[in-house]
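Peer 1: my questions are about this predicted structure, shown below with the sequence.
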Amino acid sequence: MNQQRFVLLDRDGVINQDSEDFVKSPDEWLPIAGSLEAIALLNAHSYQVAVITNQSGLARGLYDLAMLERIHAKMHHLAAEHGGTIAAIYFCPHGTDSTCACRKPKPGLLLQCAAEQHINLSETVMVGDSYRDLQAAWAADALPVLVKTGNGRQTLNAHPNLTIPVFDTLYDAAKHLVSGQ
């Protein structure tokens, strides 16, 4: 079976603006400049995109599954308007105190994505803005990339000796990936 090329993206802080108060509705889901174009650029170079996201707001009762689906429908719609497609979304609905296997920094969502999409994680980039995104990538044997949007600058300040690729934005990361370097 042919392995598909995927790029895995955290959602809040990578594709859309993060909020300390959580993104609880489609109106609060605001794309980061260039992020939707980045998805289209990746797609244009034969990369599929999957979103890997913790959504503890569900466990906290801040929004329900129907609202999360509406938020994701907006993300799909806006990506399509920019010529991009998100192939799949994997989310952890559990709270921060959960012992589940799917909440990043655990690798469960990445492993589920790999199994369902038939991808080799050791050749797959995971773009995140928080240290737990990087930890999940390492735990799943994926290739972590940090962006400085969202919590990225704080992550870099807290871990200044990271030896992984770091980019200002998702668009910058996407340009680097499609350049083949």
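Peer 2: Structure received. This is a predicted model, so every value here is computed, not measured.
Peer 1: what ranges do the strands span in this structure?
Peer 2: 6-9, 48-54, 88-92, 125-128, 143-147, 166-167 (DSSP state E).
Peer 1: and the ones you listed as TSV, adding mean pLDDT, distance to Pro107 and mean neighbour count?
Peer 2: The way it works is simple: take the backbone N, C-alpha and C, and place the C-beta from them, glycine included. TSV is the format used below for those (pLDDT from 0 to 100; distance: least, C-beta to C-beta, whole Å; neighbours: other C-beta atoms under 10 Å):
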stretch	mean pLDDT	distance to Pro107	mean neighbour count
strand 6-9	98	11	27
strand 48-54	98	10	23
strand 88-92	98	11	19
strand 125-128	98	10	27
strand 143-147	98	12	24
strand 166-167	98	21	18
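Peer 1: quick one: the lengthiest helix in the chain to strand 48-54, angle?
Peer 2: Scanning the chain for the helix with the most residues, using DSSP state H, yields helix 65-81. Calculated by axes from the mean of the first three to the mean of the last three C-alpha atoms, to 10 degrees, helix 65-81 forms an angle of 150 degrees with strand 48-54.
Peer 1: now do helix 65-81: which elements does it pack against?
Peer 2: helix 35-44 (3 or more C-beta pairs under 8 Å, 6 or more residues apart in numbering; DSSP states H and E).
Peer 1: quick check: buried residues in the helix it packs on?
Peer 2: For helix 35-44, a neighbour-count test (16 or more other C-beta atoms under 10 Å) marks Ser35, Leu36, Glu37, Ala38, Ile39, Ala40, Leu41, Leu42, Asn43 as buried.
Peer 1: all set now, cheers.
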